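Novice: Give me coordinates for this.
(2 chains)
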Protein chains: 2
Amino acid sequence: MVVKSEIKLVKNLQQKKYRNQHRLFVAEGYKTVQEVLSSGFTPKVLYSTDKNALPDHEDQITLITEKTLERMSGLKTPNKILGVFEIPKKITLPTNGWVIALDGVKDPGNMGTLIRLCDWFDIAHVVCSMDTVDCYNPKVVQATMGSIARVRVHYTDLTSFLLDFPGESYGAVLNGLPIQDTVFPKEGVLVLGSESHGISPGVQGSISHQISIPQIGRLSAESLNVATATAIFLHEIRRTQ
Amino acid sequence: MVVKSEIKLVKNLQQKKYRNQHRLFVAEGYKTVQEVLSSGFTPKVLYSTDKNALPDHEDQITLITEKTLERMSGLKTPNKILGVFEIPKKITLPTNGWVIALDGVKDPGNMGTLIRLCDWFDIAHVVCSMDTVDCYNPKVVQATMGSIARVRVHYTDLTSFLLDFPGESYGAVLNGLPIQDTVFPKEGVLVLGSESHGISPGVQGSISHQISIPQIGRLSAESLNVATATAIFLHEIRRTQ
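Specialist: Below you'll find the model as predicted:
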């Protein structure tokens, strides 16, 4: 039996302030919960409408009705399982290797895809400005496909971070040095701005290089999506090393 | 005054069968409608709750109430403007240049991002299997950011298309030749499969080369998102030419 206050707590975890207060986040649906579990996150509680949904975690499952799941869920069509997981403890900011810095990225889908890309290209740390979307937002968690457990995401003042980081910094802008003319060092920071406003002027001032992905041919598209641009930048950084 | 049957028609255009029947599609919200208009699509009718929403198209706007917009809209939070546009006439399949072929891509966001990428990299044609998501799905239209008007999207039997196309074909797979060891010709087809099942066996048999984006380091991420993988492939195709 799940009490009212418990339902309310889970529902509240859709909001950042409650996630930060309780240091907990939610993952929903069989595939996402499975990915988060197998990536090593500690479940606080696993709710399911089906006792046999996760054979390896049967003892940890709290059986609930469809109606209770609907009340807890942030999805329009809830899908059998909802897991509540512990947010890992904060760790110190990276000081070497390649790091991705995000300045005001707002779209949860883009953020999730970015974290998945970092996992693919072996980037261990993403450092975000305080106004970047929370990485434990349920939509971000879903879009990372489990990569959220393998990439560390930090929130801090980006300008200070860039000033303290010993390596070079590269800002993705519209009219910078073409990426194919850029020689990337062994370590550095790649800074990506928000989908609508780019990199903020304050952060821009702390970046040593401005780089771009040149458009081909008719020059008609306004810009690239931040996640697809990052894919190309990370491919080039790894390809040229 | 907008009559009931007109509201029903617009609402029905959320569905593919009605779009095909009427050869019309819907774009919603100020930014998307503006993009579609400036990209050269012909509006059949522009509905707005604000007569001054589009100063250049004031004469074409049909003023409606918030309530009517809510009934027409496919969005949870309708945003002032909804345009109904004509679907362009079908044109013949491409027989040269670089072409993107999509085999069963289902996610509207990915499809839209793919079309936007083609626009950026000057790819004029996308050829889709019949089970690929409709490019005039409102979510696709929104994700293309106007690029839908500049890239031609075809739906056909992919196997026949690949057999007829004179150039080489390259399939994006998980264990193919690493992309950096691939020498791309001046023209060809890049085939991308569905997000969950990859390229179907039937289509696979008609592809001459299998290529991959190698994962770096820990080999933990399961796969790349189809749109981010396409970004890297298109960048490499254009970079090496």
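
Novice: Contacts made by the lowest-mean-pLDDT helix or strand in chain A with the rest, please.
Specialist: Ranked by mean pLDDT, DSSP states H and E, the weakest helix or strand in chain A is helix A:30-38, scoring a mean of 87. If you take C-beta atoms under 8 Å, 6 or more residues apart in numbering or on different chains as the criterion, helix A:30-38 is touched by A:27, A:43, A:46, A:53-54, A:57, A:79-83, A:85, A:141-142, A:145-146, A:148-149. Every residue, glycine included, has its C-beta placed from N, CA and C.

Novice: Among those, which ones are in strands?
Specialist: A:Ala27, A:Pro43, A:Leu46, A:Ile81, A:Leu82, A:Gly83, A:Phe85 (DSSP state E).

Novice: so which of those residues would you say is closest to B:Pro108?
Specialist: A:Ala27 (23.0 Å; C-beta to C-beta).

Novice: and A:Gln142, what does it touch?
Specialist: By C-beta under 8 Å, 6+ apart, A:Gln142 lies in contact with A:Ala27, A:Glu28, A:Gly29, A:Thr32, A:Gly112.

Novice: What parts of chain A come near chain B?
Specialist: A:109, A:113, A:116-117, A:119-122, A:145-147, A:150, A:180, A:213, A:215-218, A:220-225, A:227-232, A:235-236, A:238-239 (C-beta under 8 Å from any C-beta of the partner chain).

Novice: picking up where we left off before, and the least confident helix or strand of chain A with strand A:81-86, angle?
Specialist: 30 degrees (axes from the mean of the first three to the mean of the last three C-alpha atoms, to 10 degrees).

Novice: mind listing what's buried in helix A:30-38?
Specialist: Going by neighbour count (16 or more other C-beta atoms under 10 Å in any protein chain shown), the buried part of helix A:30-38 is A:Thr32, A:Val33, A:Gln34, A:Glu35, A:Val36, A:Leu37.

Novice: For the first one, give its distance to A:Val10.
Specialist: Right, the one you point to is A:Thr32. 15 Å (C-beta to C-beta, to the nearest Å).

Novice: Could you do the last one as well?
Specialist: In this structure, A:Leu37 lies at 17 Å from A:Val10, with C-beta to C-beta as the measure.

Novice: returning to what we had before: taking the residues of chain A next to chain B, please make a ChimeraX selection of just the buried ones.
Specialist: This is how ChimeraX selects the buried members of the residues of chain A next to chain B, with burial counted by 16+ other C-beta under 10 Å:
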select /A:109,113,116,117,119,120,121,122,145,146,147,150,213,215,216,221,224,225,227,228,229,230,231,232,235,236,238,239
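
Novice: which stretches of chain A form helices?
Specialist: A:4-12, A:16-22, A:30-38, A:66-72, A:108-120, A:138-144, A:158-164, A:201-204, A:226-239 (DSSP state H).

Novice: How is chain A partitioned into domains?
Specialist: As given by automatic domain parsing, the domain ranges for chain A are A:4-86, A:98-239.

Novice: Quick check: which of these is buried the most?
Specialist: domain A:98-239 (a mean of 20; mean count of other C-beta atoms under 10 Å in any protein chain shown).

Novice: Hmm, A:Pro178 is touching A:Gln210, no?
Specialist: No: contact criterion C-beta atoms under 8 Å: A:Pro178 and A:Gln210 do not qualify, at 10.9 Å.

Novice: re the thing from before, looking at the buried residues of helix A:30-38, which is nearest chain B?
Specialist: Closest approach to chain B among the buried residues of helix A:30-38 (C-beta to the nearest C-beta): A:Glu35, at 8.2 Å.

Novice: Would you mind measuring from the closest one to A:Arg150?
Specialist: From A:Glu35 to A:Arg150 the distance is 11 Å (C-beta to C-beta).

Novice: try A:Phe184
Specialist: 23 Å.

Novice: With A:Gln215 instead?
Specialist: In terms of C-beta to C-beta, A:Gln215 sits 33 Å off from A:Arg150.

Novice: Then A:Gln21?
Specialist: From A:Gln21 to A:Arg150 the distance is 26 Å (C-beta to C-beta).
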